[in-house]
Every structure is written in C-alpha cells, then in structure tokens.
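Engineer: Got a predicted structure here, sequence first:
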Amino acid sequence: TQSTRPQRILTAVQKNATRGDPRSVVKAIDHFCRNKEWAMNVGDEKGCILDSVVSEVNPATVLELGTYCGYSTVRIASLLPPNAKLITLEFNPDFAAIARQVIAWAGLEDKVQLVEGASGDWIPKMKEQFGVKTFDLVFLDHWKNSYLPDTKLMEECGLLRKGSVLLADNVICPGAPEYLEFIRSSPRYKSQYFKSHLEYTKVEDGLEKSVFLGLVNEEWT
Ligand SMILES: CNc1ncnc2c1ncn2[C@@H]1O[C@H](/C=C/CNC(=O)c2cc(-c3ccc(F)cc3)cc(O)c2O)[C@H](F)[C@H]1O
Ligand SMILES: [Mg+2]
C-alpha cells in the first residue's frame, strides 16, 4: 500500500536522525521537506523565531494546537526547562501516531503529552484532566479559522493569565484574518508581528506573538 507523506517524514527521521537528539530530528525533517516533499511544518526560518520566543518565555506549561508530525513539538520541547510540560492536541489519528514516533525518536516523551482529540473538546477539560492552572505559552498551528474561537475558549476557561503568550503560525499564508483583526484590536492583548516566509519557500508569512494582559479595567466602565 502507498505510504503517506507523514509516514515518509517519519522514515526520513529514522534513517537520518540520531535517536535522542532533537536537533538532528528537526534537521532531518527540514532536509526532507526542502529537498524531497514540502510539508506544513513551521520550518527552519519561522522555527528560529519560535525558538527565540520559547527561550524568552521559558515556559513551565505549553499548549500546542495542531501537532501534525510533531516537528514544532520537538522544537519547543527541546528548549523546555526540567519539569516543564508541553500538551499538544491532534485530532487526526494517523498524524498523532506518526507524531508520537517522531517525539519518541527525539527522546522527548517525558516532556510531551500528545492528546488525540479536538481542541474544542479538550480545552475545557485541561484543568480537570491534566491539572493545568494556566498556560505560559500557546502555539497555534491548527485550522486557521479555529484560532479565534479557541483563543476565546481558552480565555473563558481561565487558561490564560496576565503575561501568557500566544504565538500563531501562518497569519499571512494561508492567513488567519479574523484572528488577526480580533487580537490586534483587543485591549486585552499586546501583539507583535514577526515577518518571515512560508516554510521552505520565498512566499511571505509570519508569526503573531500576543501577550494576554488580563481583563483590563475599561471593560467594567
Ligand atoms: C479544530 N481543532 C483541532 N483540534 C486538534 N487538531 C486539529 C484541529 N484542527 C486541525 N487539527 C490538526 O492540526 C493540523 C492542521 C494544521 C493546519 N495547518 C495548515 O493548514 C497550514 C497550511 C499551510 C499551507 C500554506 C500554503 C499552501 F499553499 C498550503 C498550505 C502552511 C502551514 O504552516 C499550515 O499550518 C493537522 F493537520 C490537523 O489534523
Ligand atoms: Mg503552520
């Protein structure tokens, strides 16, 4: 039977990366996607911006929406301090199965909890199921029209605290116009755009970093 692209990405990791070496896993995927088959990983250029935000936030709790093959999961988890936890949500069972193996090859299973299911179902259960109070960092990289509803849901569920950082991929390509419009005009967020390129291409894309400011008082006037 024909293999899938995620399966071919996993094979490239198993052939070219060193077990337990996250950087070699990232390198193997980038090499495969740049030279063999494009895939929707955040990639090396935007990945460096992701790395710098993770290092700056130095999060104890991270939520990733949209695991796909686990590329950004490995990038983020490899930078986390000891005892930090990354919860990543993926509702496609085939992608989840590949991502688990990629994360395991990188030796990061202890830092990552991959939850197979939909963000809309799991965000409301984060506290009771995983003992999470709030997230220090959220990486949004799932369906682009889900960025806004899921951000509102995280607020409603009390999963964001003053200073929580949201980092959204693809705000230009494919684009997340409703999310950008909301987050840039809301008094509850301080946003910053990091201009870059769509993974493995010269097409413009970028990441939007937004700091949650908490419920600001003008909302009570
Ligand atoms: C809605 N709730 C969800 N809950 C759990 N897992 C989810 C949920 N929604 C999706 N997933 C899961 O998250 C992933 C979805 C990633 C979507 N990403 C993209 O579409 C995306 C697209 C491009 C792109 C750009 C140009 C072009 F010409 C073609 C493609 C570039 C990018 O970097 C992207 O991230 C996964 F597939 C899905 O099962
Ligand atoms: Mg993306």
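Structural biologist: Alright, I've got the coordinates. Residues are numbered from 1 along each chain as shown. Ligands and ions are numbered 1, 2, ... in the order given.
Engineer: Tell me which stretches of this protein form strands.
Structural biologist: 61-65, 85-90, 112-116, 137-140, 165-168, 189-197, 204-212 (DSSP state E).
Engineer: got those strands as a markdown table, with mean pLDDT, mean neighbour count and distance to ligand 2 columns?
Structural biologist: Bear in mind the C-beta positions are built from the backbone N, C-alpha and C, glycine included. Below are the strands of the chain laid out as a markdown table (pLDDT from 0 to 100; neighbours: other C-beta atoms under 10 Å; distance: least, C-beta to the ion, whole Å):
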| stretch | mean pLDDT | mean neighbour count | distance to ligand 2 |
| --- | --- | --- | --- |
| strand 61-65 | 99 | 26 | 10 |
| strand 85-90 | 98 | 24 | 13 |
| strand 112-116 | 98 | 19 | 17 |
| strand 137-140 | 99 | 26 | 9 |
| strand 165-168 | 99 | 24 | 9 |
| strand 189-197 | 98 | 15 | 11 |
| strand 204-212 | 98 | 21 | 8 |
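Engineer: closest to ligand 1 out of those?
Structural biologist: Comparing those by their distance to ligand 1 (C-beta to the nearest ligand atom), the top pick is strand 85-90, with 4.5 Å.
Engineer: what lines up beside that closest one in the sheet?
Structural biologist: strand 61-65 (parallel), strand 112-116 (parallel) (DSSP bridges).
Engineer: The last one near ligand 1 at all?
Structural biologist: No. Using C-beta under 6 Å from any ligand atom as the criterion, no contacts between strand 112-116 and ligand 1 are found, and the smallest distance is 8.6 Å.
Engineer: Since that was my last question, I'll sign off now.
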